[in-house]
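J.: With the input below, show me the fold.
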Amino acid sequence: MWSYTITRNENLWACLHLTWSWYGRSIYRTLLSRMRILHLSNTVSDRGNGIVNVAVDLAIAQASAGHDVAFACERGGYIPLLERFKVRVSLVRQTGAARALLNSLALLRLLRAFRPQIIHCHMRSGLLLVAPWARVLRIPIVVHVHNIHDRAIGLRHLPTRILAVSHADSRTIAAAGVPRDRIRVVLNGLIGSHRLPATPSPVALHCPAITTVAGMMHRKGIAELITAFETVLATQPDAHLYLVGEGPERLLFEAQAAASPAAAHIHFEGMQADPRGYLLACDVFVLASRRESFGLVLIEARQAGCAIVASDVDGIPELLGHGDLGLLVPPENPSALAAAILRLLADQELRASLQGRARENLEPFTTTRMAVEVFAVYSEVAQPAP
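T.: This next block holds a predicted model:
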């Protein structure tokens, strides 16, 4: 029986030997160490919030790996999905100055009941509410800096570890005075997510189609993209621009588009539960952000095989091979943005080359890899289970 077992598992042992790297050892520790993890987020909305998407994917991956995972939030469409994967959901409000004390006490009750070994904060409001109790109860806090413009809130003293989602953000956080020994870089992963169907279908678009998937806010460079599209349309009169997403400044952009000579060719598509159909159908995908810590949609665009134009800012270049996997342009520069879009529309060979290269080397962007690396950070600071 023993010799049969060894023979039957020769391939397994060979694979383990080949993968016995830091990554392999981290997986091994993850399988052997069961940890109680509490995630905090204002919401688990399924309305296209990138922070929430990462948090939900991470919690599900951790629960699937055998950890005891709880998620404190106020509301959101992802609650049934979390519960399906055995994540314990507690409805604890984390916003509103008038209710701050009550919300903080609710989190204290949750800490006493669940007894987490790690508190993982995804938004600053939860961090500020839970930090006093975490210090008293000696529970380490890991803060996920999803947006670099939020980096200064509580990062110097409150968290035990800070997760940056790109190396560029890590440098920016350190430059703001956060000790480097507290910062760890963990790239976001979404490949393998349970939030979306495995096989999206292309949407019917007018071609050539230029598409962005982004929040309708100035930080995403929507105004610059509309201005750039006017220049594109002057050379490519059949082109159409598709703006997929919702946001607080959508009415401003709709007014800008309505006053534009390109108005009839600009389409506001609103929030889409699964925007990947637009990515599969477009000729050029654009992310014109003024600031962007990571840009999850760029991984979706690469999966879809898009020819990509994006801003050369923050973490974006790291996702596009510093220009090898897409064209990079200066942020807030409509002229450069229009020139890059026109270059791809005019050069079919370049467009096809970028479309092919976009799908290469996506392995680092899986939810499993993200969960393993986050667990390694937890392991640096977490106390053993009682």
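J.: So which residues of this protein form strands?
T.: Ranges of strands within the chain are 36-40, 68-73, 88-91, 118-121, 141-145, 161-164, 183-185, 209-213, 240-244, 266-270, 284-287, 308-311, 327-329, based on DSSP state E.
J.: number of nearby residues for Ala98?
T.: Ala98 is flanked by 7 other residues according to other C-beta atoms under 10 Å. From N, CA and C alone the C-beta is placed, and that goes for glycine too.
J.: all helices of the stretch 1-150 of the chain, in order?
T.: 2-8, 10-18, 22-32, 50-64, 79-84, 100-114, 124-137 (DSSP state H, counting those that start in this stretch).
J.: State the mean pLDDT of the second one.
T.: In this model, helix 10-18 has an average pLDDT of 36.
J.: Repeat that for the third one.
T.: pLDDT averaged over helix 22-32 equals 47, rounded to a whole number.
J.: if we can go back for a sec, which stretch among the strands of the chain comes nearest Arg357?
T.: With C-beta to C-beta as the criterion, Arg357 lies closest to strand 308-311 of those, at 9.9 Å.
J.: Sheet partners, orientation included, of that closest one?
T.: strand 284-287 (parallel), strand 327-329 (parallel) (DSSP bridges).
J.: Poorly predicted segments of the chain, please.
T.: 1-32, 149-156, 386 (pLDDT under 70).
J.: center of it, which residue is that?
T.: Central residue of the chain (C-alpha atoms, centre = their mean): Leu296, 4.3 Å from the mean position.
J.: Surely Glu249 touches Lys220?
T.: No. Using C-beta atoms under 8 Å, Glu249 is not in contact with Lys220; the gap is 9.1 Å.
J.: Compare neighbour counts for those two and give me the winner.
T.: With neighbours defined as other C-beta under 10 Å, Glu249 and Lys220 compare such that Lys220 has more, 26 against 16.
J.: Excluding sequence neighbours, find me the nearest residue to that one.
T.: Closest residue in space to Lys220, ignoring its immediate chain neighbours: Ala214 at 4.0 Å, by C-beta to C-beta, 6 or more residues apart in numbering.
J.: Tell me how many other residues surround the one you found.
T.: 25.
J.: And for Leu190?
T.: 20.
J.: Thought Arg302 was touching it, still the case?
T.: No. Contact criterion C-beta under 8 Å: Leu190 and Arg302 do not qualify, at 10.8 Å.
J.: Check whether Val313 really touches Ala288, as I assumed.
T.: No. If you go by C-beta under 8 Å, Val313 and Ala288 don't touch, sitting 9.8 Å apart.
J.: okay, and the common contacts of these two?
T.: Shared contacts of Val313 and Ala288, defined by C-beta atoms under 8 Å, 6 or more residues apart in numbering, are found at Pro331.
J.: Pick out whichever of the two has more residues nearby.
T.: Using other C-beta under 10 Å, the more surrounded residue of Val313 and Ala288 is Ala288, with 27 against 23.
J.: contacting residues for the more buried one?
T.: Ala288 sits next to 212, 214, 220-222, 224-225, 228, 309-311, 331, 337 when contact means C-beta under 8 Å, 6+ apart.
J.: quick one: contacts for the closest residue in space to it that isn't next to it in sequence?
T.: Once flanking residues are discounted, Ala288 sits nearest to Gly221: 3.1 Å by C-beta to C-beta, 6+ apart. Shown in contact with Gly221 (C-beta under 8 Å, 6+ apart): Ala214, Leu287, Ala288, Ser289, Arg290, Ser311, Pro331, Glu332, Leu337.
J.: Please tell me how far the closest residue to Ser293 other than its chain neighbours sits from Cys282.
T.: Sequence neighbours aside, Ile148 is the residue nearest to Ser293 in space, at 4.6 Å (criterion: C-beta to C-beta, 6+ apart). According to C-beta to C-beta, to the nearest Å, Ile148 stands 27 Å off from Cys282.
J.: These two: which has the busier surroundings?
T.: Neighbours per residue (other C-beta under 10 Å) separate Ile148 from Cys282, with Cys282 holding more: 26 against 23.
J.: Surely the more buried one is in contact with Cys306?
T.: Yes. Counting by C-beta under 8 Å, Cys306 is a contact partner of Cys282 at 6.4 Å.
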